[in-house]
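Undergrad: got a structure for you, letters missing:
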């Protein structure tokens, strides 16, 4: 091979990826789910039924449902949202996306030119931050506490931007099982967020992709359900509830949003077999499946928290998440979790360094996100012990834990 | 709803889409396939087998195969390419994409900054032209004849650009069942194209997504198979052979290309159920299925050509395509096919106006692409008759046809 691509590709590309060499042994990163909880038999039955009955629709782009996605799946989304989030909508208000990542891309493409500003939680989803960076947008982080984004901090951030003549394009929030903090925004704050967004005349992008995984099923209504102005664009996902490999999410928004998004979604539609099989599976099985999965995840979460206490003792600070698949951990200030991640990866332990999950990387330097969705309970115990050993060796902490066995 | 999105979205968005109201009655646009030829029973069997056996892999992004896609599907692509195109590669050289449209997006994102130039066939895939417009790239069309892109014209185009100090980023070609002309580039021209690309030190992007649908299975080797420099990026698709709604294509390229594309493919992977079911289905059934589908398409093509002759007589010029699902038709110069399309749509007949399928829109003004993949034979006959009536009414041609019944 003699052609020199480095001399031909465009400037400003993200760094090339290395070859994939399999998952690390102790895999505490990524939104993977519990392998034992994949509803294999029900998916097989759904696949047989729907392909057998409606397979001819595979001959056309869009399954004879148009670019918004397979109509039975949109109908299920409508029902599930009404039951879980209080959102009242019809199938015409729903756009099926190839995962909620595509929803993020579409919202960004709808609003953002380079230099535009987004307001978001000070600790937020790393993939969202990376996407904003790639489109050349700036973002301003708003402090969080146990009830999610703080409204005094949001008011101050919006006023501060206004004072500098900056009008942000939207507020991006993950109010229900916040990523990475695992908090749930209170009803009062949801209302206050809408009040502030109205006062500043900006849109809200509500990312609810972990919201189905609450330990305690009760949750406040979605921000979109509380809004009457049409400013809230809502997205959800089946990645965390049914399967992350199955690339299906959805957007609920007004037609001025969806009609423009459809013009940007030039992908020939989202995957047909995924949509058909999920639409066939979900009406009969989704509720019970999610209830069972949530019990499994809560159990693993308990194992993770216990292992952190045992292995890190007072060196690790964290609040038990209200649901989801991750814990957000703060270590003593001398620990640089990006360096910890490098050392840990070499020994088969993968973590998300906090700097990639915070609007101000410095604020996340000694923090990390640990996912417990995919690892088994024994992998969680072993992996956290291994991580504590490595952290001790590299940074001198934890000095000692309650029941440290090393 | 009071929030005014028009005042908030970014400038330069493509026009919003209208509500989808179902397919037109005589649907001669889009890459739809034959509904009777969808291999329903075999897909059901494949789905049951693979989900039952490997369903646990759905718990992880990437199906335990990494970001290049489900390994058994990549293995099938390797075998099929070796048998059909002469390309020798391994699964490490293959990237599964969400349709070949994503392959186009990734190649564009890899090479193109606004203002960059691409060289392509003077009549080319409309979706590729739109994509280039959206990233702000320019393109130069190279004349075609019955053997595909003319190499004298390519040499002149490259020399002309060089003379103006413009170095194009790549040559985009659809050499095997060219879209829209249905031609196949000869072996000599493939070699000459590589020689010219080497002389000008540019990459080649070979789009082979219709190549499996040749009436006469014999075809020249892929351009990539003839190259030793590594400059050829190859893409193919299962949309035209198995199902367009199933969003699966693939790229074959050198690691410096794939490793950079993987960094740009930030979608969490292509659809898992699609990949698993196709990979299970294809090894046993793909060859026989494509052979049967091709017979059906050739039969429909014959019906379409006959209807054109009967209804348009000498007013319609076209060469029988070598395969695929479309005919490229030239009407007398007084016919504006964009206007014809508007008039026809109102009466349930959809066509692709030539201006959207030509590098110089003026050159396609009196041309149109007609797809015969999805319509039944009676729909083809009726729809072409209807189209001729409308064309006669709007433009005075065809004046008369051999067996015109109106």
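TA: Received, thanks. All of these numbers come straight from a predicted model, not from anything done at the bench.

Undergrad: quick one: name the residues of the stretch 101-250 of chain A near chain B.
TA: Neighbours of chain B within the stretch 101-250 of chain A, by C-beta under 8 Å from any C-beta of the partner chain: A:101-102, A:109-113, A:116, A:127, A:130-131, A:169, A:202-203, A:228-231, A:239, A:243-247. For every residue, glycine as well, the C-beta is placed using N, CA and C.

Undergrad: give me the buried subset of those.
TA: A:101-102, A:109-112, A:116, A:127, A:131, A:169, A:202-203, A:229-231, A:239, A:243-247 (16 or more other C-beta atoms under 10 Å in any protein chain shown).

Undergrad: circling back to that earlier point, narrow the residues of the stretch 101-250 of chain A next to chain B to those in helices?
TA: A:101, A:102, A:109, A:110, A:111, A:127, A:130, A:131 (DSSP state H).

Undergrad: which residues touch the residue nearest to the first one when sequence neighbours are not counted?
TA: Here the nearest residue to residue A:101 in space, its sequence neighbours aside, is residue B:268; by C-beta to C-beta, 6 or more residues apart in numbering or on different chains that works out to 5.2 Å. Contact criterion C-beta atoms under 8 Å, 6 or more residues apart in numbering or on different chains gives A:99, A:101, A:239, A:244, A:247, B:61 as the residues in contact with residue B:268.

Undergrad: ok, these vs residue B:327, which is closest?
TA: Of all these, residue B:327 sits closest to residue A:247, with 35.0 Å by C-beta to C-beta.

Undergrad: which residues touch residue A:13?
TA: Counting by C-beta under 8 Å, 6+ apart, residue A:13 has contacts B:110, B:260, B:263, B:264.

Undergrad: again, only using 7 Å
TA: B:260, B:263 (C-beta atoms under 7 Å, 6 or more residues apart in numbering or on different chains).

Undergrad: of the ones in helices among the residues of the stretch 101-250 of chain A next to chain B, closest to residue B:187?
TA: Of these, the one sitting nearest to residue B:187 (C-beta to C-beta) turns out to be residue A:102, at 40.6 Å.

Undergrad: surely residue A:171 is in a strand?
TA: Yes - residue state for residue A:171 (DSSP: H, G, I helix; E, B strand; the rest coil) corresponds to a strand.

Undergrad: now the helices for the stretch 1-150 of chain A?
TA: A:40-54, A:71-84, A:99-111, A:126-134 (DSSP state H, counting those that start in this stretch).

Undergrad: ok, the stretch 201-350 of chain A next?
TA: So, for the stretch 201-350 of chain A - with DSSP H, counting those that start in this stretch - the helices run A:223-226, A:255-264, A:272-312, A:337-345.

Undergrad: possible to save those helices as a markdown table with mean neighbour count and mean pLDDT?
TA: Output for the helices of the stretch 201-350 of chain A, formatted as a markdown table (neighbours: other C-beta atoms under 10 Å in any protein chain shown; pLDDT from 0 to 100):
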| stretch | mean neighbour count | mean pLDDT |
| --- | --- | --- |
| helix A:223-226 | 22 | 98 |
| helix A:255-264 | 21 | 98 |
| helix A:272-312 | 20 | 97 |
| helix A:337-345 | 18 | 98 |
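
Undergrad: closest to residue B:135 out of the ones in helices among the residues of the stretch 101-250 of chain A next to chain B?
TA: Looking across those and measuring by C-beta to C-beta, the closest to residue B:135 is residue A:109, at 12.4 Å.

Undergrad: from residue A:135, how far off is the closest one?
TA: Using C-beta to C-beta, to the nearest Å, we find residue A:109 at a distance of 8 Å from residue A:135.

Undergrad: cool, and residue A:291?
TA: From residue A:291 to residue A:135 the distance is 38 Å (C-beta to C-beta).

Undergrad: distance to residue B:359 added to the helices of the stretch 201-350 of chain A, as JSON lines?
TA: Supplementary listing: these in JSON lines, determined by distance: least, C-beta to C-beta, whole Å:
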{"stretch": "helix A:223-226", "distance to residue B:359": "44"}
{"stretch": "helix A:255-264", "distance to residue B:359": "22"}
{"stretch": "helix A:272-312", "distance to residue B:359": "32"}
{"stretch": "helix A:337-345", "distance to residue B:359": "48"}
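
Undergrad: which of those helices sits closest to residue B:47?
TA: helix A:272-312 (7.5 Å).

Undergrad: I'd like to know which elements that closest one is packed against.
TA: helix A:40-54, helix A:71-84, strand A:326-330, helix A:377-395, helix B:272-312 (3 or more C-beta pairs under 7 Å, 6 or more residues apart in numbering or on different chains; DSSP states H and E).

Undergrad: next, the angle helix A:377-395 makes with that helix.
TA: Orientation check (axes from the mean of the first three to the mean of the last three C-alpha atoms, to 10 degrees): helix A:272-312 against helix A:377-395 gives 60 degrees.

Undergrad: give me the mean pLDDT for stretch A:115-132.
TA: Average pLDDT, stretch A:115-132: 98.

Undergrad: my bad, should have said stretch A:232-249
TA: 94.

Undergrad: ends of that stretch, what's the gap?
TA: 17 Å (C-alpha to C-alpha, to the nearest Å).

Undergrad: ok now it, how far from the chain's centre?
TA: Here stretch A:232-249 is found 9 Å from its chain centre; the criterion is C-alpha atoms, centre = their mean, to the nearest Å.

Undergrad: isn't residue A:263 right up against residue B:14?
TA: Yes - applying C-beta atoms under 7 Å, one finds residue A:263 in contact with residue B:14, separated by 4.3 Å.
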